[in-house]
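Chemist: Predicted model, plus sequence, below.
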Amino acid sequence: MTLGFDAFTLAAPTATLDSEPSAREAADCLEFRMDLAADPLAALSSYDGELPILATNRADWEGGGAAADGRIGTLERAVENDAVAAIDIELAALEGDRGDRAAARALTEQANEAGVAVVVSAHDFERTPPKPELKRLLRRACERGDVGKLAVTAADRGDALSVLSVTHELTENGRAVATMAMGEAGSHTRAVAPVYGSKIGYAPADPADATAPGQYDLATLRRLVEVLLGSTSR
Ligand SMILES: O=C1C[C@@](O)(C(=O)O)C[C@@H](O)[C@@H]1O
């Protein structure tokens, strides 16, 4: 299965791949949160759903549940699975001093060779950094992957506007970005950012599977994006 991210792609986050049938109608792929799953590699090897998988194994130092030990190795195994069409890796793992930088970079090379798309992500669960910083992060993420992703926390509409504005600028510069502002003040960016070029949205089929504050449920985000983007949304 493949994911090109050249058009808007709606991902349903889940920790259990069994939820695929309930996501099939409205989602384009599942975001498999391996870091939140009990036995992620066993779940992957018995997966027989129709939706391609974007595999995320979010580090504990970036708001996820995966400890350093074996985290990148688990993603390497995921890349070998035919249902896995994309992986998510943190910009801080590729560039920062968090974790094993060499292993994270080797993972992206392995993915490139296997035709698996790479989403390079940066998160801020506390605030929305100033616009120049948002741009810098997103540019660097784009340089290291097929899609650069930014999820920051909005305190107000001004923060939300900053996120939309960098989305627009980088898209105009030919970059593939995925952006969203977390939190209540940022919820609407999940529907509006795709209008400015954001290529990935996240919305759980079951609200109990929400993986970030301010997410809409899957059917709602699909409907909103369909209204705002029209026929280009699928
Ligand atoms: O990074 C992201 C974006 C996200 O945090 C959101 O805000 O929807 C949800 C996560 O599951 C995903 O990995």
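Modeler: Cool, the structure landed. Keep in mind that this is a model prediction, so the values were computed, not measured.

Chemist: The longest helix seen in the chain - contacts with which helices or strands?
Modeler: Of all segments of type helix in the chain, defined using DSSP state H, the longest is helix 157-172. Taking 3 or more Cβ pairs under 8 Å, 6 or more residues apart in numbering; DSSP states H and E as contact, the helices and strands that helix 157-172 lies on are helix 131-144, strand 147-153, strand 177-182, helix 189-192. For the C-beta atoms, the positions are set from N, CA and C on the backbone; glycine is no exception.

Chemist: What residues sit buried inside the first one?
Modeler: Buried positions in helix 131-144, judged by neighbour count with 16 or more other Cβ atoms under 10 Å: L134, K135, L137, L138, R139, R140, A141, C142, R144.

Chemist: Return the distance of the second one relative to L10.
Modeler: So that's K135. 25 Å (Cβ to Cβ, to the nearest Å).

Chemist: Please apply the same query to the third one.
Modeler: Here the distance between L137 and L10 works out to 23 Å (Cβ to Cβ).

Chemist: go on, E133?
Modeler: 28 Å.

Chemist: again, but for A219
Modeler: 10 Å.

Chemist: Overlap in contacts, the two.
Modeler: Common contacts of A219 and L10, defined by Cβ atoms under 8 Å, 6 or more residues apart in numbering, comprise A26.

Chemist: the more surrounded of those two?
Modeler: When A219 and L10 are compared for neighbours, L10 comes out ahead with 22 against 14, by other Cβ atoms under 10 Å.

Chemist: Confirm that that one sits in a strand.
Modeler: Yes: according to DSSP: H, G, I helix; E, B strand; the rest coil, L10 belongs to a strand.

Chemist: helix or strand for A111, which one?
Modeler: helix 101-114 (DSSP states H and E).

Chemist: pLDDT averaged over that helix - what is it?
Modeler: What helix 101-114 shows for mean pLDDT is 97.

Chemist: Pull out the buried positions in it.
Modeler: Result for helix 101-114 [16+ other Cβ under 10 Å]: buried residues A104, R105, L107, T108, Q110, A111.

Chemist: Isn't the first one up against E76?
Modeler: No: no contact is recorded between A104 and E76 when judged using Cβ atoms under 8 Å, the distance being 10.4 Å.

Chemist: For this structure, what lies in contact range of the ligand?
Modeler: 13, 31, 33, 56, 88, 121, 151, 180, 182, 202, 211-212, 215 (Cβ under 6 Å from any ligand atom).

Chemist: hang on, the earlier thing: would you mark the buried spots in the longest helix of the chain?
Modeler: D159, A160, S162, V163, L164, V166, T167, H168, E169, L170, T171.

Chemist: Then stretch 59-69?
Modeler: By neighbour count with 16+ other Cβ under 10 Å, stretch 59-69 contains the buried residues A59, E62, G63, G64, A66.

Chemist: so which two of the residues you listed are the farthest from each other?
Modeler: Farthest pair in the buried residues of stretch 59-69 (Cβ to Cβ) is G63 and A66. Separation: 10.6 Å.

Chemist: one step back: of the buried residues of helix 131-144, just say which sits nearest to the ligand.
Modeler: The ligand lies nearest to A141 out of these, by Cβ to the nearest ligand atom, at 11.3 Å.
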